[in-house]
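**Q** Predicted structure and sequence below. I'll ask about it afterward.
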Amino acid sequence: MHVIQQWTEANAFFIWLRESPSIWAYPTVFFLHTIGLVFTAGVSLLIDARVLGAARELQVAPLGKFFKPVWIGFWLTAISGVVMVLSDFETRVTNRLFPLKMACVVAAIVLTALMRRRVERADLSTPTRAMAAASVACWLGAITAGRFMAFFQ
């Protein structure tokens, strides 16, 4: 980890990203991260809500087509997240909430992947609903931990 920290501290791009007052620096990467989250967590949460019984007038199977934007959003979030971590590597990876955030993200992504086929088959069984509830908890945990990282070290 020490090598990564040294590399990011000396890298011109990450120095600029970390220190520049330009809106094109860190604020833009943060904005892209937020947009990615809207498509990843936001759409996943809407699908989860339907599986859990909300908006019963909507058919479940057609929601399967929304997984493509979920994955596009995931990659936008993942790439921008890596850039944000590398821009201030030591602060981010030593934050006590960082492991919690990453665990919640990994669990949420796994659950999202597992939910796709179930949603496409309109499977509203108890195990599917349990996965949807766990997905909601994981996304909310990831978002909350990520937001609180700014306030806790």
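**A** Cool, the structure landed.

**Q** Need the contact partners of the lowest-mean-pLDDT helix or strand in the chain.
**A** Using mean pLDDT, DSSP states H and E, helix 2-10 stands out as the lowest-scoring helix or strand of the chain, at a mean of 90. Residues outside helix 2-10 that contact it (C-beta atoms under 8 Å, 6 or more residues apart in numbering) are 14-15, 86-87, 89-90. Where you see a C-beta, it was placed from the backbone N, CA and C, and this is true even at glycine.

**Q** now, which of the residues you listed lie within helices?
**A** Mapping these onto helices (DSSP state H) picks out 14-15, 86-87, 89-90.

**Q** Pull the most distant pair out of those residues.
**A** Ile15 and Glu90 (13.9 Å; C-beta to C-beta).

**Q** Now do the shared contacts for these two.
**A** By C-beta under 8 Å, 6+ apart, no residue touches both Ile15 and Glu90.

**Q** ok so, going back, buried sites along the least confident helix or strand of the chain?
**A** Thr8 (16 or more other C-beta atoms under 10 Å).

**Q** cool, and stretch 79-89?
**A** Buried residues in stretch 79-89 (16+ other C-beta under 10 Å): 80-81, 83-89.

**Q** Sort out which one of the residues you listed lies nearest Val110 for me.
**A** Gly81 (16.9 Å).
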